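Student: What would the 3D arrangement of this be:
(one chain, ligands or ions: 2)
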Amino acid sequence: MTITIGLFGFGKTGSVVAKEIINDFECELKWVMRESAMHEGEYASKLLGFDHSEGKIYRIENICMDQFFKHNRVDVIIDFSSSSAVNVYKEAVKYGSKIVSAISNYDQEDIRKLKELSRQTAVLYSPNITVGINFLMEASKSLQKIAPNADIEIIEEHFRGKQDVSGTALRIAEELGLDKEQHVNSIRVGGIVGKHEVVFGLPNQTIRIVHESHNRAAFGQGAIYASKWIMGKETGIYSMEQALSLIMSGEEDLEKDAERFIADVPIKTS
Ligand SMILES: NC(=O)C1=CN([C@@H]2O[C@H](COP(=O)(O)OP(=O)(O)OC[C@H]3O[C@@H](n4cnc5c(N)ncnc54)[C@H](OP(=O)(O)O)[C@@H]3O)[C@@H](O)[C@H]2O)C=CC1
Ligand SMILES: O=C(O)C1=N[C@H](C(=O)O)C[C@H](O)C1
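Tutor: Numbers count the residues shown, from 1 in each chain. Ligands and ions are numbered 1, 2, ... in the order given. Below you'll find the model as predicted:
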């Protein structure tokens, strides 16, 4: 069964996520929503070098919310745009769409609205939607149990233009019971896609657990994994940890799932 997807955001990350969705045989990109008029009415697939037409681009201010979602219903909305988009896709939920939000730093009112939507549909929210960062979180929690007296610092590194503190790093601090203001250290240099390091300081040695996203395709693969997982879920709010729980518990073979992440998925030609 093909999963139909509506994508919010076609920027640094959304444009790469769109390519991953188009490349996935089990998914169909129905539309892309963006803020500016750039490429409005064109197809994301054509802009990304495909021959076929998939993922028509719309400008958010030019759509009639209710009519658009009524006539362009999708199974899952994936959000790589901004905090405020939640005010828009609440209309889509009326037509049964589920939500996978990757927005890393919601403002308080918008995160409340997102949680409100989870009363009507299944919502998965993750500030870092890669499979690997969830392994880092589990490993860090395990190490903290083994070495409860270690000093712990979190270092997050991103591209120079990233304004906000990494939502992932804040989540890691929360999971480890650390003061987010005191123990998250941000570095902004060059074009770093995303690196998170948890440093455990012991009297005579240091242990570091590091996750690095080398390509924004990692976020697309994580969002697609989450979209496939959420299809079978009832109304409620979910995390990426929950979506990966079978893999994390060893009950599911990552190798089997890793095919989605590491195999060269043949590009659609039709
Ligand atoms: N959870 C995760 O693992 C990850 C999360 N992120 C998060 O994804 C978000 C986007 O990151 P990034 O791609 O670097 O940002 P960019 O600024 O490069 O792209 C943002 C995109 O969203 C569009 N946009 C902004 N506001 C709206 C809106 N209200 N409705 C529809 N479209 C909108 C913009 O439109 P236009 O192009 O027309 O201006 C643009 O295409 C950030 O919150 C970032 O933290 C990023 C990577 C991984
Ligand atoms: O803005 C980004 O690009 C990223 N944001 C997320 C965050 O703030 O944690 C995740 C990823 O590291 C990339």
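Student: Now V193. Its backbone dihedrals?
Tutor: V193 adopts backbone torsions of phi -70, psi -50, taken as degrees, to the nearest 10.
Student: Please tell me how far it sits from R216.
Tutor: Per CB to CB, to the nearest Å, V193 is found 6 Å from R216. Glycine gets a C-beta too; all of them are placed from N, C-alpha and C.
Student: Next: Y58.
Tutor: To R216, Y58 is 22 Å away according to CB to CB.
Student: Neighbour count: those two, which is higher?
Tutor: Counting neighbours by other CB atoms under 10 Å for Y58 and for R216 shows that R216 has the greater number, 21 against 16.
Student: and the more buried one, what does it touch?
Tutor: 12-13, 16-17, 193 (CB atoms under 8 Å, 6 or more residues apart in numbering).
Student: at 7 Å what do you get?
Tutor: Applying CB atoms under 7 Å, 6 or more residues apart in numbering to R216 gives the contacts 12-13, 16, 193.
Student: what do you get for L114?
Tutor: Neighbours of L114 in contact, by CB under 7 Å, 6+ apart: 86, 101, 106, 123, 125.
Student: what pLDDT does it get?
Tutor: pLDDT recorded at L114 is 95.
Student: Which parts of the protein belong to which domain?
Tutor: Using automatic domain parsing, the domains assigned to the chain come out as 3-129+216-261, 131-213.
Student: Lowest average pLDDT across those?
Tutor: Of all those, domain 3-129+216-261 carries the lowest average pLDDT, namely a mean of 92.
Student: burial of Y125, as a residue count?
Tutor: With other CB under 10 Å as criterion, Y125 counts 22.
Student: G41 now?
Tutor: 10.
Student: Against L114, how distant is E175?
Tutor: 20 Å.
Student: Check S81 too.
Tutor: Distance from S81 to L114, by CB to CB: 13 Å.
Student: can you check S15 too?
Tutor: S15 sits 23 Å away from L114, going by CB to CB.
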